[in-house]
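Colleague: Have a look; sequence and predicted model below, questions after that.
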Amino acid sequence: MTQPLFEIDQVTKTYKKGKVTANSGISFTIKKGEILGLLGPNGAGKSTLVKQIVAHIKPSEGEVRYNGSNVLGQMKKVAREVAYYAQEPHALTSLTVSEAIYFSGRLRGMKKQAAKSEAQQLIEELELTEAAGKMLKNISGGQKRLTGIGTTLIGNAGVYIFDEPTNELDPKKRRLVWDLIQKRNREGATVILVTHNILEAEQVVDRVAVINHGQLLAINNVAELKTEVDQRLKCEITTVHSLTHSKELETALEQWGTVTRLSDQRTRVMITKEDAPSLLEELNTTWSSHIQSYAVVPPSLEDVYFHIDRDQEKEQQDPSERKGEKTYAAAGS
Ligand SMILES: Nc1ncnc2c1ncn2[C@@H]1O[C@H](COP(=O)(O)OP(=O)(O)OP(=O)(O)O)[C@@H](O)[C@H]1O
């Protein structure tokens, strides 16, 4: 078996003499060349985990190994080979955009000329040309983020860790950033991505680790996670009038599966894949004058996330509901 790139082994971090637990007993591996998403709500312990991975935080217990050795024993190598985009804004506010990107390349061991030309290329790719000569303290929040992306991408690190890279960016810039991250991954880089933006993450990640209350709740590829949650499809229907005035339609929909009213005129029916064609035919014939539009959608990563989160909330409320048989967390896979 090929050795994983990172092994996160029973990692725990506590603060305030053990009173605050940022994470607890987390174990999983990261494969070379994959894009792994870390999902979880605010305060879940995601940033703490990535800081442990890049050796910025020493675990209270357990260890993180990079290519088989503890990251704490090879901090210079890790700093050179693992580019980390932190959530906190850039500290070097008196540098210009191009200086910040150029010097990051130099710190990663690049020769002057190579750093200069790659910085120039990244400035163009990130559409920062107009801001290139301005100091970081004088540019917008979004431009600061893009500069941070540039300082992370320069120098072909091999591993990129991004903590919320698309915060504060407009939709066009977000797309630009995802494209650049995916391009690096196609060239062989490993990417770890912390994000709240599940819909965007779904487009780019190979596997997802779901974290909450400092614990790893699930790790698997998106398709597998989805089948573990619910194999039914969602049929979302917009009616011409409120469903309150179409009792017959509501009763008819209830024959197909669980009906949820999303708003006055929007309704969701959970249906099996096999039933979908017949339901659509009925909507098109019997109910066509009642219906404005409909769409059949498979479960999304967002559904997976809320499903897992709901399970954990239940377990915390009532430990007797602990679901020993749940097999989301394929730790070490
Ligand atoms: N230096 C610290 N001292 C005390 N508690 C801390 C410290 N850093 C983090 N914590 C606590 O550890 C927990 C996990 O924090 P962390 O920043 O890892 O979460 P996160 O998932 O990255 O959250 P967000 O999505 O909001 O950035 C939180 O309860 C946080 O308050």
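Modeller: Yep, it's here.

Colleague: List the contacts of residue 81.
Modeller: If you count contacts by C-beta atoms under 8 Å, 6 or more residues apart in numbering, residue 81 has them with 66, 157, 158, 159. Quick note: C-beta positions are derived from backbone N, CA and C, even for glycine.

Colleague: Would you mind measuring from it to residue 108?
Modeller: The gap separating residue 81 from residue 108 is 9 Å, by C-beta to C-beta, to the nearest Å.

Colleague: what does residue 146 give?
Modeller: 18 Å.

Colleague: Mind listing what's buried along stretch 172-188?
Modeller: Using 16 or more other C-beta atoms under 10 Å as the burial criterion, the residues of stretch 172-188 that qualify are 173, 174, 176, 177, 178, 180, 181, 184, 185.

Colleague: rewinding a little: joint contacts of residue 81 and residue 108?
Modeller: Common neighbours of residue 81 and residue 108 (C-beta under 8 Å, 6+ apart) are residue 157.

Colleague: Residue 146 and residue 108: which has the busier surroundings?
Modeller: Per other C-beta atoms under 10 Å, whichever of residue 146 and residue 108 has more neighbours is residue 146, with 27 against 18.

Colleague: Report pLDDT for that one.
Modeller: For residue 146, the model assigns a pLDDT of 95.

Colleague: I'd like the next helix or strand past the helix or strand harbouring it.
Modeller: Using DSSP states H and E, residue 146 sits within helix 141-153. Per DSSP H and E, the first helix or strand lying C-terminal to helix 141-153 is strand 159-163.

Colleague: so does that following strand get close to the ligand?
Modeller: No - using C-beta under 6 Å from any ligand atom, strand 159-163 never reaches the ligand; the gap is at least 7.3 Å.

Colleague: tally of neighbours for the residue of the stretch 51-200 of the chain found nearest the ligand?
Modeller: Residue of the stretch 51-200 of the chain nearest the ligand, by C-beta to the nearest ligand atom: residue 87 (5.9 Å). If you count neighbours by other C-beta under 10 Å, residue 87 ends up with 15.

Colleague: so it, which of the three states?
Modeller: Classification of residue 87 using DSSP: H, G, I helix; E, B strand; the rest coil returns coil.

Colleague: Do I have it right that it meets residue 162?
Modeller: No - if you go by C-beta atoms under 8 Å, residue 87 and residue 162 don't touch, sitting 9.5 Å apart.

Colleague: can you list residues touching both of those two?
Modeller: With C-beta under 8 Å, 6+ apart as the test, residue 87 and residue 162 both reach residue 194.

Colleague: in this protein, which spans are helices?
Modeller: 46-53, 75-81, 97-107, 112-125, 141-153, 171-186, 198-204, 222-229, 247-254, 276-285, 301-317 (DSSP state H).

Colleague: Turn those into CSV, columns for distance to the ligand.
Modeller: Formatted as CSV, the helices of the chain follow (distance: least, C-beta to the nearest ligand atom, whole Å):
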stretch, distance to the ligand
helix 46-53, 3
helix 75-81, 19
helix 97-107, 23
helix 112-125, 26
helix 141-153, 15
helix 171-186, 17
helix 198-204, 13
helix 222-229, 19
helix 247-254, 38
helix 276-285, 37
helix 301-317, 13
